[in-house]
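Asker: Structure, please.
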Amino acid sequence: MGNQASVRRREDVRRPGNVHYQHSNRRNTVPAVRQEMLPAETKNRNRTHKKSAPPTVQRVRERKAAAKRADYYDYSLLAVILLLTCFGLVMLYSTTAYRAEIDHNNDMFFFGKQAAISGVSLIAAIIISKIDYHIYQKFAGVLYAAGAVLMLLVLTPLGVVSNGARRWLNLGVQFQPSEVAKIAAIVTLSYMIVKMGNQVKTLKACAVLGAAGGFLGVIAYVATDNLSTGIIIILITCGMIFLAHPDTKPFMILLVVGAVMIACLVVFLVQNVDTGDASFRIRRILVWLHPEEYSSEGGYQTLQALYAIGSGGFFGKGLGNSVQKLGSLPEAQNDMIFSIVCEELGIFGGAIILLLFAYLLYRLFFIAQNAPDLFGTLLVSGIFIHIALQVVLNIGVVINLIPNTGITLPFVSYGGTSILFLMAEMGIALSVSRKIKFQDS
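Answerer: Just a heads-up that it's a prediction; the model follows:
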């Protein structure tokens with residue numbers, strides 16, 4: 001009897017009217033009785049699952065959707081570029097309006113030209129940012145040759161003399177070819193380092209890279225008589241080799257040795273050279289050390305810049321109220337514009353512009369750090385070094401920490417060629433930023 005009762009209970013359990021599980025697909029189903037108790041969205045999800053695409057197609061769709069979501073564009077970098085450009089235009093008008101009215105009968109003479117070239121350059125930067133930066137690898141050699149040849153053309157009748165210096169080239173449009181050489185050095189060195197791979201740590205590779213960058217620097221000095229640009233190109237070269245090389249000790253040794261040699265040279269010049277017999281570059285060093293004694297031989301501009309900074313105080317005299325720009329400070333709109341910023345807006349205004357440059361460099365550092373490949377990292381690192389060098393050297397000259405070099409302040413000083421090629425570099429950096437992809441954690 002007990003066995004018969006147990007058989008009946010087992011048969012009752014298996015009858016269709018009782019609770020049972022569907023065994024056809026246990027992982028994707030729930031008890032049949034509980035299906036009626038599920039929320040509507042759960043039922044729909046179950047139906048959708050049964051009609052979903054094959055796993056391979058689904059994975060492809062998910063990857064495409066993830067790639068689309070991962071596209072990045074550094075709008076923060078674009079914003080700080082716009083801020084610096086607009087700030088530069090405001091200060092340029094404030095600095096040049098008086099002289100432009102007297103010399104050209106138009107107070108917006110300098111401002112109008114700079115605003116036009118800035119607008120065109122900004123559009124060009126946005127267009128360049130849409131181009132895949134890997135294409136520059138194919139044209140690295142052409143760009144390098146173009147930079148060298150254009151600088152050598154300055155020695156021909158196509159070269160133009162302005163303010164006593166033969167540094168411009170007229171090919172229907174007048175520009176400084178040394179600006180092309182800066183971009184050429186960055187692109188070419190990035191390409192060479194990528195191609196060298198692990199060999200970059202060898203002495204031979206470093207010598208080849210140094211020769212490639214140094215050659216452009218020497219041409220910039222010989223052909224355009226522009227020592228400051230030559231120095232910048234060589235320093236960009238050294239900086240990029242330093243970033244690519246795994247060992248920092250040799251570079252630290254070279255830095256210390258170089259600093260000692262420069263200090264010894266300065267001491268020798270001070271003790272043994274007279275300004276009357278020295279070249280104008282040596283006179284610049286002597287003027288830097290004693291601007292008051294040599295005010296009539298080149299120290300006048302430095303002294304007036306220091307007067308402008310000192311008279312501005314903490315909050316300045318107010319926008320447009322500079323006195324030094326009325327004629328006391330020569331070429332105030334070029335490499336000395338930072339002194340007018342400090343005179344009108346004070347140390348506070350000077351600190352604001354330095355913070356903007358610091359944020360610009362931070363964005364470049366962020367892009368370089370997250371670039372998808374070594375070539376992108378090196379490109380943006382070279383741009384970072386270039387901008388940092390120009391800012392440091394320009395402000396160092398204005399406050400008389402280093403001898404006068406004639407280097408302009410990026411995005412702020414007057415100069416169409418400068419703003420055009422700076423925007424081109426920003427376009428390349430934005431192009432690299434577009435390839436950054438962030439993975440979901």
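Asker: wait, residue 384 sits on residue 360?
Answerer: No. Counting by Cβ atoms under 8 Å, residue 360 is not a contact partner of residue 384; they are 9.3 Å apart. C-beta coordinates here come from the backbone N, C-alpha and C atoms, glycine included.
Asker: what are the ranges of the strands in the chain?
Answerer: 159-162, 165-170, 174-175 (DSSP state E).
Asker: Out of those strands, which is the most enclosed?
Answerer: Mean neighbour count (mean count of other Cβ atoms under 10 Å) peaks for strand 165-170 among the strands of the chain, with a mean of 17.
Asker: mind giving me the domain split of this structure?
Answerer: 74-130+248-434, 138-247 (automatic domain parsing).
Asker: now these as JSON lines including mean pLDDT?
Answerer: Output for the domains of the chain, formatted as JSON lines (pLDDT from 0 to 100):
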{"stretch": "domain 74-130+248-434", "mean pLDDT": "89"}
{"stretch": "domain 138-247", "mean pLDDT": "90"}
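Asker: For residue 358, which residues are in contact?
Answerer: Shown in contact with residue 358 (Cβ atoms under 8 Å, 6 or more residues apart in numbering): no residues.
Asker: same question, residue 288
Answerer: 302, 400, 402-404.
Asker: List just the nearest of those residues to residue 207.
Answerer: residue 402 (28.3 Å; Cβ to Cβ).
Asker: and the closest one, how many neighbours does it have?
Answerer: 17 (other Cβ atoms under 10 Å).
Asker: Do I have it right that it meets residue 395?
Answerer: No. Using Cβ under 8 Å, residue 402 is not in contact with residue 395; the gap is 9.6 Å.
Asker: Can you lay out the strands of the chain as TSV showing distance to residue 210?
Answerer: Putting the strands of the chain into TSV (distance: least, Cβ to Cβ, whole Å) gives the following:
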stretch	distance to residue 210
strand 159-162	28
strand 165-170	25
strand 174-175	28
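Asker: Tell me which of those strands sits nearest to residue 260.
Answerer: Here strand 165-170 is closest among those (Cβ to Cβ), at 31.8 Å.
Asker: Could you name the helices and strands sitting against the closest one?
Answerer: With contacts taken as 3 or more Cβ pairs under 8 Å, 6 or more residues apart in numbering; DSSP states H and E, strand 165-170 sits against strand 159-162, strand 174-175.
Asker: contact partners of the longest one?
Answerer: By Cβ under 8 Å, 6+ apart, the surrounding residues in contact with strand 159-162 are 153, 166, 168-170, 174.
Asker: now, among these, which is nearest to residue 198?
Answerer: Looking across these and measuring by Cβ to Cβ, the closest to residue 198 is residue 153, at 38.4 Å.
Asker: Could you find the closest non-adjacent residue to the closest one?
Answerer: Excluding its sequence neighbours, the residue lying closest to residue 153 (Cβ to Cβ, 6 or more residues apart in numbering) is residue 169, at 5.7 Å.
Asker: mind listing what that neighbour touches?
Answerer: 150, 153-154, 158-160, 175-177.
Asker: again, only using 6 Å
Answerer: 153-154, 158, 177 (Cβ atoms under 6 Å, 6 or more residues apart in numbering).
Asker: Mind listing the residues bridging to it?
Answerer: residue 159, residue 175 (DSSP bridges).
Asker: From residue 414, how far out is it?
Answerer: Using Cβ to Cβ, to the nearest Å, residue 169 is found at 19 Å from residue 414.
Asker: And for residue 283?
Answerer: Counting by Cβ to Cβ, the gap from residue 283 to residue 414 is 25 Å.
Asker: Could you check which of the two is surrounded by more residues?
Answerer: residue 414 (24 against 21).
Asker: Would you confirm that the more buried one contacts residue 333?
Answerer: Yes. Using Cβ atoms under 6 Å, residue 414 is in contact with residue 333, at 4.2 Å.
Asker: Now the common contact residues for the two.
Answerer: By Cβ under 6 Å, 6+ apart, the residues touching both residue 414 and residue 333 are residue 92.
Asker: so which of the strands of the chain comes closest to residue 81?
Answerer: That would be, of these and by Cβ to Cβ, strand 174-175, which comes in at 20.6 Å.
Asker: what's the offset of that closest one from the middle of its chain?
Answerer: Remark: strand 174-175 is offset 23 Å from the chain centroid, using Cα atoms, centre = their mean, to the nearest Å.
Asker: before we move on, what about stretch 113-121?
Answerer: 19 Å.
Asker: for stretch 183-190, same thing?
Answerer: That offset, for stretch 183-190, works out to 13 Å (Cα atoms, centre = their mean).
Asker: Tell me, how many residues neighbour the closest residue to residue 345 other than its chain neighbours?
Answerer: Leaving aside its chain neighbours, residue 345 sits nearest to residue 316 (4.3 Å; criterion: Cβ to Cβ, 6+ apart). Per other Cβ under 10 Å, the neighbour tally for residue 316 reads 21.
Asker: give me phi/psi at residue 316?
Answerer: Dihedral pair for residue 316: phi 80, psi 180, per degrees, to the nearest 10.
Asker: and residue 147, what does it touch?
Answerer: Applying Cβ under 6 Å, 6+ apart, the residues near residue 147 are 180-181, 184.
Asker: top of these by neighbour count?
Answerer: Neighbour-wise, the contacts of residue 147 (other Cβ under 10 Å) top out at residue 181, 31 neighbours.
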